[in-house]
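Undergrad: sequence isn't available, so here's the structure alone:
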């Protein structure tokens, strides 16, 4: 274990660096091997620090997974920004999610998610709780009209179905069409569900 | 191995029974344990017949998987019937898929699908090829207007996203709302994608 300079306790100091190193190691290991098989000791070793620091910073391996899932591009912030940017929210959300996916980080995070959820019911429940808490519930509070949470979940399901069909299922033409075209078609349905305004011809 | 009466070679005779027993055994084993780990010998043993009959009837373990996936309620036929039943096709398709899922057979088939696709890229490709060949391409030929296959794939993605959000993700209210309500909302989007006519107020 490397001796850390403990004099600066702020997020940019040595302690923040250890935390960041643990997150990077967790993402790297979770995306290349099975979540269940990845031990706390292994993550700590990869990050070159004491295993005890994982429970200190993240509570548990599952806590570390939650943190790792939301980094580095913050998908929650990206989606909120897309939602709040005026007409065409659905189209922007769809495009933002496809861009997130296409960044290699999102891909490795998603692989991690798939392998973990299939491997462990407990981890899946953590993920669902995190998604509800961090994204769907707060987003639904900004959605007007009845059944706001249901409509937000339905919009989520349309986004997820589209991404999985394009990138996991991956048959043409779905996989090869320009993402702008996909975003425009699915965006209208998302706008209908969230009650946001589609982008008009005058905005194009 | 039980001695089979080979005198009746029709589908209701001894040979048809062996084939059915193999399908039942495959479905039962694939849904409760890993596809990769399930051997041809094990399936044959469970069905009380010779392992050679698997290649005779189905070509391979993957061939047997394909057959097992489409049984017993034929999802392809159910979806085509829903598509062709006049106004409200989207709503009927959505409802039909939820009913298929809720039947225990569909659930065990889907578990089998999830575990196999994650475990094996080869099996996933077989599934995608089967889905394109048996469902999406023939359905798209009955869809009018430009981009018929893309729009059929997009409709598929909306159905799949909704089913996964309701049954796998499973948070309320999405999981607990009456399926008729979900079918009505998502059905409108499916109709918009497939160019079918939504059910009007006069049809309700």
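TA: It's in. The structure displayed is predicted, hence computed values, not measured ones.

Undergrad: all contacts plus neighbour counts: C-alpha atoms, from now on.
TA: OK.

Undergrad: chain neighbours aside, what residue packs nearest to residue A:165?
TA: Using C-alpha to C-alpha, 6 or more residues apart in numbering or on different chains and skipping the chain neighbours, the partner closest in space to residue A:165 is residue B:157 (5.7 Å).

Undergrad: list the contacts for the one you found?
TA: A:158, A:161-162, A:164-165 (C-alpha atoms under 8 Å, 6 or more residues apart in numbering or on different chains).

Undergrad: please identify the buried residues of the host helix or strand of residue A:55?
TA: Assigned by DSSP states H and E, residue A:55 belongs to helix A:52-58. For helix A:52-58, the neighbour count (16 or more other C-alpha atoms under 10 Å in any protein chain shown) marks A:53-54, A:58 as buried.

Undergrad: in strands, which of the contacts of residue B:157 appear?
TA: Judged by DSSP state E, strands contain none of these.

Undergrad: and the longest helix along chain A, anywhere near chain B?
TA: If you go by DSSP state H, chain A has its longest helix at helix A:14-32. No - applying C-alpha under 8 Å from any C-alpha of the partner chain, one finds helix A:14-32 out of contact with chain B, separated by at least 13.6 Å.

Undergrad: how about the residues of chain A near chain B?
TA: Proximity of chain A to chain B (C-alpha under 8 Å from any C-alpha) is limited to residues A:114-115, A:118, A:128, A:149-150, A:153-154, A:157-162, A:164-165, A:169, A:171-174, A:189.

Undergrad: contacts for the host helix or strand of residue A:62, please.
TA: In this structure, residue A:62 sits in helix A:61-69 according to DSSP H and E. Helix A:61-69 has contacts (C-alpha under 8 Å, 6+ apart) with A:23-24, A:26-27, A:40, A:54-55, A:58, A:109, A:123, A:126-127, A:130.

Undergrad: so which of those is the most crowded?
TA: Using other C-alpha atoms under 10 Å in any protein chain shown as the neighbour test, those are led by residue A:26, with 26 neighbours.

Undergrad: hmm, back to that, any idea which of the contacts of residue B:157 is least confident?
TA: Across the contacts of residue B:157, the member with the lowest pLDDT is residue A:164, scoring 85.

Undergrad: dump the residue contacts of that residue.
TA: Applying C-alpha under 8 Å, 6+ apart, we find residue A:164 in contact with A:170, B:157.

Undergrad: tell me the domain boundaries of chain A?
TA: If you go by automatic domain parsing, the domain ranges for chain A are A:14-69, A:75-203.

Undergrad: rounded mean pLDDT for the first one, please.
TA: If I follow you right, that is domain A:14-69. The model assigns domain A:14-69 a mean pLDDT of 85.

Undergrad: distance between that domain and the chain's centre?
TA: For domain A:14-69, the separation from the chain centroid amounts to 17 Å (computed by C-alpha atoms, centre = their mean, to the nearest Å).

Undergrad: mind pulling up the pLDDT for residue A:116?
TA: Note on residue A:116: pLDDT of 59.

Undergrad: swap in residue A:137?
TA: The predicted local confidence for residue A:137 is 93.

Undergrad: burial count for it?
TA: The local packing of residue A:137 (other C-alpha under 10 Å) involves 17 other residues.

Undergrad: now residue A:21
TA: The number of residues packed near residue A:21 is 18, by other C-alpha under 10 Å.

Undergrad: got phi/psi on the closest residue to it other than its chain neighbours?
TA: With sequence-adjacent residues excluded and distances taken as C-alpha to C-alpha, 6+ apart, residue A:21 is closest to residue A:47, at 5.4 Å. The phi and psi torsions at residue A:47 (degrees, to the nearest 10) take the values phi -90, psi 0.

Undergrad: could I get the contacting residues of residue A:47?
TA: By C-alpha under 8 Å, 6+ apart, the contact list for residue A:47 reads A:18, A:21-22, A:24-25.

Undergrad: same question, residue A:174
TA: Counting by C-alpha under 8 Å, 6+ apart, residue A:174 touches A:165-166, B:150, B:153-154.

Undergrad: that older thread, which one of the contacts of residue A:47 sits closest to chain B?
TA: residue A:25 (23.2 Å; C-alpha to the nearest C-alpha).

Undergrad: relative to chain B, which residue of chain A is the closest?
TA: residue A:161 (3.8 Å).

Undergrad: can I get the domains of chain A in JSON lines including distance to residue B:65?
TA: Formatted as JSON lines, the domains of chain A follow (distance: least, C-alpha to C-alpha, whole Å):
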{"stretch": "domain A:14-69", "distance to residue B:65": "25"}
{"stretch": "domain A:75-203", "distance to residue B:65": "18"}
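
Undergrad: check contacts around residue A:22.
TA: With contacts defined as C-alpha under 8 Å, 6+ apart, residue A:22 is in contact with A:43-44, A:47, A:54.

Undergrad: show me where chain A has its helices.
TA: Using DSSP H, helices in chain A cover A:14-32, A:40-47, A:52-58, A:61-69, A:75-83, A:89-102, A:104-119, A:121-131, A:137-140, A:148-163, A:179-194.

Undergrad: want to throw those helices into TSV with distance to residue B:90?
TA: Shown next, in TSV, are those (distance: least, C-alpha to C-alpha, whole Å):
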stretch	distance to residue B:90
helix A:14-32	37
helix A:40-47	48
helix A:52-58	45
helix A:61-69	35
helix A:75-83	27
helix A:89-102	21
helix A:104-119	29
helix A:121-131	28
helix A:137-140	25
helix A:148-163	14
helix A:179-194	14
